[in-house]
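**Student:** give me a model of this one.
(one chain, ligands or ions: 1)
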Amino acid sequence: MKSLLIRDIVLDNKPADILIQGNRIKSIGRRLPKNAGRTVDGRGLTALPPLFNCHTHAAMSLLRGYADDMRLSEWLQTRIWPAEARFSRDDVRIGARLACLEMIKSGTTFFNDMYWHGRAAAEAAEEMGMRAVIGAGFIDGGDPARGAAQRRMLEEVRQELSGFSSRILFAPGPHAIYTVSSESLRFIKAFAGEWGLPIHIHLSETESEVNDSIGAHKLRPAEYLDSLGFLGPEVFAAHCLHLSEREVDLLAASRVKIIHVPASNLKLAAGGQMPYRALTKAGASVLLGTDGCSSNNSLDMFQTMKMAALLQKHAANDPASLPAPDAWAMATAVAAQAFGIDAGRIEEGRLADLILVDLDRPECAPGYNLAADLVYSANGYCVDTVVCDGRVLMLRRKVPGEEEIIADARRAARRLANA
Ligand SMILES: [Zn+2]
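**Tutor:** Next comes the predicted model:
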């Protein structure tokens, strides 16, 4: 079994060595045996759990900066959807590789994705060494024939991904209640139950989604999903900006995981407010994500932690709302637990996923409070080295093949923009 020794790092304010065997942390201590297969010198670096990006559309990295500062419906209809219609399977792989590169370089080792050509995104994550839940985007537009085709697609992608490593998981990704029929939502719930899969959906992103739901079903979006028997602990719902008190209680009681996506919500002026205090008070888990690169436009989870914390303080008119340690936990341990991944903490026996952070950079000095430094002043450039599943993905800020990944993405983007 391959072993990796990370020497002379700081862990919980104390000097330590970390010995990794295979994909697990074997031991943590001082002066561990030096006969490991590979040694990483950690002097001057602090070991921390990596970040979990819980809502992405990775391949949309090819549309970063392609259309900005526009109203949501115009942005989608005139720019994003026509460009996405030109995406080939290869474009999805190239875009997802660029996203993986950016995530690794900013300390993220896990992403919860939703897009089509699931196999292409899975290949990118597999090759780059990350963990991912590959959500197969599902839209039927209320058309029964399209619904049937999408159901076959789900089964195909499920089978294709079963051949990948244990780092790659599969999830049905029903886009939203306004793009997927109730029949398909019921089917997806049963399908996920049959195979023990998570479900990734957008929920209550805009006020018009709420109004349309009330118009069509006389129910608000979360109430409507509840009426279909859809809610449950396997459901990961991104956005959740326009929730009534009753919806907060419904989501918490059903143990739905809420994914807060602050940068995308601010940029697209989605309105509303993710009710963090009410949700956590009711017992719900709240996680963090970036959303795709055309609505953020960054995949740096350090930015997302900061924005989440500031947004809650501003909305609650209370600077004690969403303190830094909570934002850090949402992006690490809480997310790992929500997805059933035995990481998120650096402990003996757990999966060997960790980052080494350079706290000697000016933005982290003088260093009074680690959580405050990480959430309010650090950024992805503070991450020096990244390990996932026992494998070094970035060493001294270098990821193998990064120039080629960026060149491929530029080429693909030029073709998409000029088509
Ligand atoms: Zn999204």
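**Student:** please enumerate the strands of the stretch 51-200 of the chain.
**Tutor:** Along the stretch 51-200 of the chain, the segments classed as strands by DSSP state E, counting those that start in this stretch run 51-56, 108-115, 131-138, 168-174, 199-203.
**Student:** which other helices and strands contact the second one?
**Tutor:** Read that as strand 108-115. Strand 108-115 sits against strand 51-56, helix 89-105, helix 118-128, strand 131-138, strand 168-174, strand 199-203, with contacts defined as 3 or more CB pairs under 8 Å, 6 or more residues apart in numbering; DSSP states H and E. (C-beta placed from N, C-alpha, C; glycine too.)
**Student:** for the last one, give the mean pLDDT please.
**Tutor:** Summarised as a single mean, pLDDT over strand 199-203 is 98.
**Student:** now swap in the second one and tell me
**Tutor:** Rounded to a whole number, the mean pLDDT of helix 89-105 is 98.
**Student:** off-centre distance for the helix or strand hosting residue 393?
**Tutor:** Secondary structure assigned from DSSP states H and E places residue 393 in strand 391-394. Mean C-alpha position of strand 391-394 versus that of the full chain (CA atoms, centre = their mean, to the nearest Å) differs by 19 Å.
**Student:** now do the one helix or strand in the chain whose mean pLDDT sits lowest: everything it contacts.
**Tutor:** Lowest on mean pLDDT, DSSP states H and E among the helices and strands of the chain sits helix 72-74, with a mean of 83. Helix 72-74 is contacted by residues 206, 268-270 when judged by CB atoms under 8 Å, 6 or more residues apart in numbering.
**Student:** buried set for it?
**Tutor:** residue 72 (16 or more other CB atoms under 10 Å).
**Student:** so how far is it from its chain's centroid?
**Tutor:** 24 Å.
**Student:** count the residues that sit near residue 165.
**Tutor:** Residue neighbour count, defined by other CB atoms under 10 Å, stands at 12 for residue 165.
**Student:** confidence score at the closest residue to it other than its chain neighbours?
**Tutor:** Leaving aside its sequence neighbours, residue 165 sits nearest to residue 126 (CB to CB, 6 or more residues apart in numbering; 6.2 Å). Model confidence at residue 126, given as pLDDT, is 98.
**Student:** give me the contacts around the helix or strand following the strand holding residue 393.
**Tutor:** For strand 391-394, the succeeding helix or strand toward the C-terminus, using DSSP H and E, is helix 402-418. Outside helix 402-418, the residues within contact range by CB under 8 Å, 6+ apart are 61-63, 66, 83, 86-87, 90-91, 94-95, 97-98, 101, 105.
**Student:** most neighbours among those residues, which one is it?
**Tutor:** Of all the contacts of helix 402-418, the highest neighbour tally under other CB under 10 Å goes to residue 95, namely 31 neighbours.
**Student:** quick one, what contacts that residue?
**Tutor:** Residue 95 sits next to 58-62, 87, 409, 412 when contact means CB under 8 Å, 6+ apart.
**Student:** and these, which two are furthest apart?
**Tutor:** Distances among the contacts of residue 95 were taken as CB to CB; the most separated pair is 58 and 412, at 13.4 Å.
**Student:** these two: which has the busier surroundings?
**Tutor:** Shown here are residue 58 and residue 412; by other CB under 10 Å, residue 58 has more neighbours (32 against 22).
**Student:** what's the spacing between that one and residue 187?
**Tutor:** Shown here: residue 58 relative to residue 187, a distance of 25 Å by CB to CB, to the nearest Å.
**Student:** out of the helices and strands packed on strand 108-115, which gets nearest to residue 381?
**Tutor:** For residue 381, the closest of the helices and strands packed on strand 108-115 is helix 89-105, at 8.1 Å, according to CB to CB.
**Student:** okay, the angle between that closest one and strand 108-115?
**Tutor:** 150 degrees (axes from the mean of the first three to the mean of the last three CA atoms, to 10 degrees).
**Student:** domain ranges for this structure?
**Tutor:** As given by automatic domain parsing, the domain ranges for the chain are 3-49+345-398, 51-338.
**Student:** okay, these in CSV with distance to residue 417 next?
**Tutor:** Shown next, in CSV, are the domains of the chain (distance: least, CB to CB, whole Å):
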stretch, distance to residue 417
domain 3-49+345-398, 26
domain 51-338, 7
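**Student:** if you compare these, which one is most tucked away?
**Tutor:** domain 51-338 (a mean of 20; mean count of other CB atoms under 10 Å).
**Student:** ends of that one, what's the gap?
**Tutor:** From its first residue to its last, domain 51-338 covers 13 Å (CA to CA, to the nearest Å).
**Student:** chain center to that domain, what's the gap?
**Tutor:** The answer for domain 51-338 is 8 Å, by CA atoms, centre = their mean.
**Student:** picking up where we left off before, need the max-distance pair from the contacts of helix 402-418.
**Tutor:** Pairwise distances across the contacts of helix 402-418 peak at 27.3 Å for 86 and 105 (criterion: CB to CB).
**Student:** for the strands of the stretch 51-200 of the chain, give me a markdown table that also has distance to residue 256.
**Tutor:** As requested, these are exported to a markdown table (distance: least, CB to CB, whole Å):
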| stretch | distance to residue 256 |
| --- | --- |
| strand 51-56 | 13 |
| strand 108-115 | 14 |
| strand 131-138 | 15 |
| strand 168-174 | 13 |
| strand 199-203 | 8 |
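**Student:** nearest to residue 275, out of those?
**Tutor:** strand 199-203 (13.0 Å).
**Student:** remind me which residues of the chain are low pLDDT?
**Tutor:** For the chain, no stretch has pLDDT under 70.
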